[in-house]
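Participant: Everything below, folded, please.
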Amino acid sequence: MKTKKRSGWRRLGRILLYIIGIFLLLFIGLAVYLVVVSRVTPPTIADKRALQLQRTQLDSTCYTLGNNWFRKSNSGLYEMYVEGAPFERGVINGKLSGELIRRQEDVFVAQFSKMVPSTFYLHFLKYFIGWFNRDLPDHVPEEFKEEIYGESFSASPNYDYIGTNYARLMNYHAAHDIGHALQGMMLVGCTSFGTWNDQSADSNLIIGRNFDFYMGDDFAADKMVVFYRPEKGHNFMFVSWGGFTGVVSGMNDKGLTVTINAAKTSVPTAAATPVSLVAREILQYAKNIQEAWDIAKKRKMFVSESFLIGSAEDNKAVIIEKTPEGMDMYTSGKNFITCTNHFQGDSLGSLTSNKLQIRESASEYRYERLTELMKEKGPNTVQKTVSILRDRGGLHNEDIGLGNEKAINQLIAHHSIVFEPKKGMVWVSTAPWQEGQFIAYDLNKIFAMHGLTSDHEVYDSAQNIAADSFLLSKDYLAFNTYRKLRDQIKEGATVDIKALIAANPAYYHTYVLAGDYEYKRKAYAVAKQYYETGLTKVIATKGEEDHIRKQLASCNSKLTANR
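Facilitator: Below is the predicted model:
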């Protein structure tokens, strides 16, 4: 009997080993498959002589390479001019701004590691993103692939474990889309608007936008104002960061502007053209609204986005709304247009997902506040546009706390920008957020330049717009105190909660932080009071209100159980 039992156990052991072996082989096979399919093959370049080019240093922050140049302005903005064929452009861009490309990737990876602290999950995401983007190059125009490839020769050697330089830079162009789609992290909550005819004081088209894409303070530290003279298409400018040749805000020399605003989207199932590269193609090749529409129509995207298109030729602005399945053009029927993070067109505006976005996000509130301010201020000017973009209040000027997502100015902007297309003028904000000076650039003068000297002033200082007086206020100092304490709480430090409250008392999230802090310390009665106070404030989203109510219910339950 014992012999039979031993024999049975041996058979069971062999079966288990067999099953484990099969799963191990499947796992290895899957890993090999992911590694293979996540490889991104760079384009074939017949002539790589551009790689031999070298920049010339004029001073500690100014370089030239042929007619191309790069410098750090005394405004704090980096400025760069690049011309030529695609691969050559990319190489020159990389050689001029290589330090920024490498520093930006350091910041990006460090911030991503904070958001995803698990090393195992980071490696999993590496292969997942590689797998998800395995067909990404098939949806990117050859010209942009060559440019990104040229730029990749200046990328950091420290992240080979993530992928090749080319694969990483290519995937970073889709990072906005993936983060926006997969996590709904609300890293993007942008606001834009335009006025023309009787809604502008001089009847000319004026466009303003806040690019509220937040990946930490370091991410926004090295903003680049880039001027491109491509071999084909129109000359254009855009605001960017090291290693990124897509467009989120820009204007070309025909007076066509493009800005992008994220909308509610479902989880994507396959790679398509990144939003920023669709915007880039429009900027480089469209001179009016119809041409912008035609370019957007031919590109498949894997997230939902609004493109606010301003056109000097048409002297108006429209919104091209696009999802992976559909497309709309929204025209307001008035001489102004406003855009936050929901669709307004006839077909996409009626989507269930869009209606949910309006009900549960901060988008509709910001839209109403924007409309309210435009009506209050009367016929628009560039200065009025800047003051609207800097507005920190709620509806009817209610104090909703500093940093509230329902405010037009959430004090997180990577950049803020104003365009006057017919004049070829652009104003770009300097740090912090949109509170510093707005630096004026005249595209007509810049594209007429031939080279650069170290003492050459690229911007038009006479037309700069002064920094916001908010930077000299006690409220600004208090907000910095709030941010410091908020970050300490996130890091698990012990903080003075009363100091946190005093620093930003009108903001609902102050009380969420305080409540969560005390809840973790099992001070449920104190936490309950903070949650109850939070519910009396203007809360940005339904999800955050649900969190407060859930925590409040938990406090009540625990207090009852402890009686």
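
Participant: which intervals of the chain have sub-threshold pLDDT?
Facilitator: For the chain, the stretches flagged by pLDDT under 70 are 1-39, 113, 115-134, 178-188, 266-270, 454.

Participant: any idea how far the spatially most central residue of the chain lies from Gly242?
Facilitator: In the chain, the centroid-proximal residue (CA atoms, centre = their mean) is Phe213; its distance is 3.4 Å. Using CB to CB, to the nearest Å, Phe213 is found at 15 Å from Gly242. (Glycine included, C-beta is placed from N, CA and C.)

Participant: And Ala296, by the same measure?
Facilitator: Distance from Ala296 to Gly242, by CB to CB: 27 Å.

Participant: Please apply the same query to Ala407.
Facilitator: 29 Å.

Participant: How many residues are close by Ser461?
Facilitator: 12 (other CB atoms under 10 Å).

Participant: Tell me who's in contact with it.
Facilitator: Ala440 (CB atoms under 8 Å, 6 or more residues apart in numbering).

Participant: Count the residues that sit near the closest residue to Lys114 other than its chain neighbours.
Facilitator: Spatial nearest neighbour of Lys114, chain neighbours left out: Gly216 (7.9 Å); criterion: CB to CB, 6 or more residues apart in numbering. Neighbourhood size, Gly216 [other CB under 10 Å]: 15.

Participant: Am I right that the residue nearest to the centre of the chain is in contact with Asp177?
Facilitator: No - counting by CB atoms under 8 Å, Phe213 stays clear of Asp177, with 11.9 Å between them.

Participant: tell me the helices in the stretch 351-500 of the chain, going along the chain?
Facilitator: 352-360, 363-377, 382-389, 443-446, 474-490, 497-503 (DSSP state H, counting those that start in this stretch).

Participant: Of those, which stretch is the most buried?
Facilitator: helix 382-389 (a mean of 21; mean count of other CB atoms under 10 Å).

Participant: That one - contacts with which helices or strands?
Facilitator: strand 191-195, strand 206-211, helix 363-377, strand 415-420, strand 425-429 (3 or more CB pairs under 8 Å, 6 or more residues apart in numbering; DSSP states H and E).

Participant: In terms of secondary structure, what does the third one contact?
Facilitator: When you say that, I think you mean helix 363-377. So helix 363-377, by 3+ CB pairs under 8 Å, 6+ apart, packs with strand 191-195, strand 336-339, helix 382-389.

Participant: Turn these into a markdown table, columns for distance to Arg369.
Facilitator: Below are the helices and strands packed on helix 363-377 laid out as a markdown table (distance: least, CB to CB, whole Å):
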| stretch | distance to Arg369 |
| --- | --- |
| strand 191-195 | 9 |
| strand 336-339 | 10 |
| helix 382-389 | 9 |
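
Participant: Let me see the contact set for Gly515.
Facilitator: Neighbours of Gly515 in contact, by CB under 8 Å, 6+ apart: 527-528, 530-531, 534, 548, 551.

Participant: Narrow those to those in helices?
Facilitator: Counting by DSSP state H, those place 527-528, 530-531, 534, 548, 551 in helices.

Participant: quick one, helices of the stretch 1-150 of the chain?
Facilitator: Under DSSP H, counting those that start in this stretch, the stretch 1-150 of the chain gives helices at 2-37, 86-115, 119-132, 142-152.

Participant: which of the residues in the shortest one are buried?
Facilitator: Buried residues in helix 142-152, defined by neighbour count with 16 or more other CB atoms under 10 Å: 143-152.

Participant: Distance from it to the middle of the chain?
Facilitator: Distance, stretch centre to chain centre, for helix 142-152: 21 Å (CA atoms, centre = their mean, to the nearest Å).

Participant: and for that helix, what are the contacting residues?
Facilitator: 42-43, 45, 50, 86-94, 101, 137, 140, 164-166, 168-170, 173, 232, 243, 245, 277, 280-281.

Participant: Alpha carbons of the very next helix or strand once past it, in CSV - could you do that?
Facilitator: Using DSSP states H and E, the helix or strand that follows helix 142-152 towards the C-terminus is helix 165-172. C-alpha atoms of helix 165-172 as CSV (Å, rounded to 0.1, in the frame of the first residue of the first chain):
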residue,chain,number,x,y,z
ASN,A,165,17.5,55.8,-28.3
TYR,A,166,15.3,55.9,-31.3
ALA,A,167,12.6,53.6,-29.8
ARG,A,168,12.5,55.7,-26.6
LEU,A,169,12.2,59.1,-28.4
MET,A,170,9.5,57.6,-30.7
ASN,A,171,7.6,56.3,-27.7
TYR,A,172,7.9,59.6,-25.8
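
Participant: on that earlier part again, filter the contacts of helix 142-152 to the buried ones?
Facilitator: For the contacts of helix 142-152, a burial check counting by 16+ other CB under 10 Å picks out 42-43, 45, 50, 86-94, 101, 137, 140, 164-166, 168-170, 173, 243, 245, 277, 280-281.
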